[in-house]
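A.B. asks: Predicted coordinates and the sequence they were generated for:
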Amino acid sequence: MIEESAKKKRLDRIIQVCNKCAGKPVQLFLHDGEGLTGVIKEVKHDGIIFGPLDHPSKANSSNDPQPELQTSGFFIPFAAITALAALFFF
């Protein structure tokens, strides 16, 4: 009973942090130790849609305008997430 309560609190905290960081650059750490850098595109009830960082300034930096590539994210269940850190680029 206590273990389930602790799991629920952990899940609620992960969801809260994911919602707070949605749309911002983050580094996500999975249980297997893998670190992913990208953006939380959407928070769902059982996980997140995570995608690569968009760099629109790169496409606009040359004289030849390049079409923006539409990249879709991929699903990561909350059970696989160990830690989440917001990244700030200056």
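C.D. replies: Cool, got the structure.

A.B. asks: Poorly predicted segments of the protein, please.
C.D. replies: Counting by pLDDT under 70, the chain shows low-confidence ranges at 1-2, 55-72, 88-90.

A.B. asks: Can you show me the helices along the chain?
C.D. replies: Applying DSSP state H to the chain gives helices spanning 2-21, 56-60.

A.B. asks: Would you format those as a markdown table with distance to L30 and mean neighbour count included?
C.D. replies: For glycine as for every other residue, the C-beta is placed from the backbone atoms N, C-alpha and C. Below are the helices of the chain laid out as a markdown table (distance: least, Cβ to Cβ, whole Å; neighbours: other Cβ atoms under 10 Å):
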| stretch | distance to L30 | mean neighbour count |
| --- | --- | --- |
| helix 2-21 | 12 | 12 |
| helix 56-60 | 27 | 10 |
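
A.B. asks: quick check: longest strand of the protein.
C.D. replies: Longest strand in the chain by number of residues (criterion: DSSP state E): strand 35-43.

A.B. asks: Geometric centre of this structure: which residue is closest?
C.D. replies: I40 (3.2 Å; Cα atoms, centre = their mean).

A.B. asks: That one contacts F50, correct?
C.D. replies: Yes - contact criterion Cβ atoms under 8 Å: I40 and F50 qualify, at 6.0 Å.

A.B. asks: what helices or strands is the longest strand of the chain leaning on?
C.D. replies: helix 2-21, strand 25-30, strand 47-51 (3 or more Cβ pairs under 8 Å, 6 or more residues apart in numbering; DSSP states H and E).
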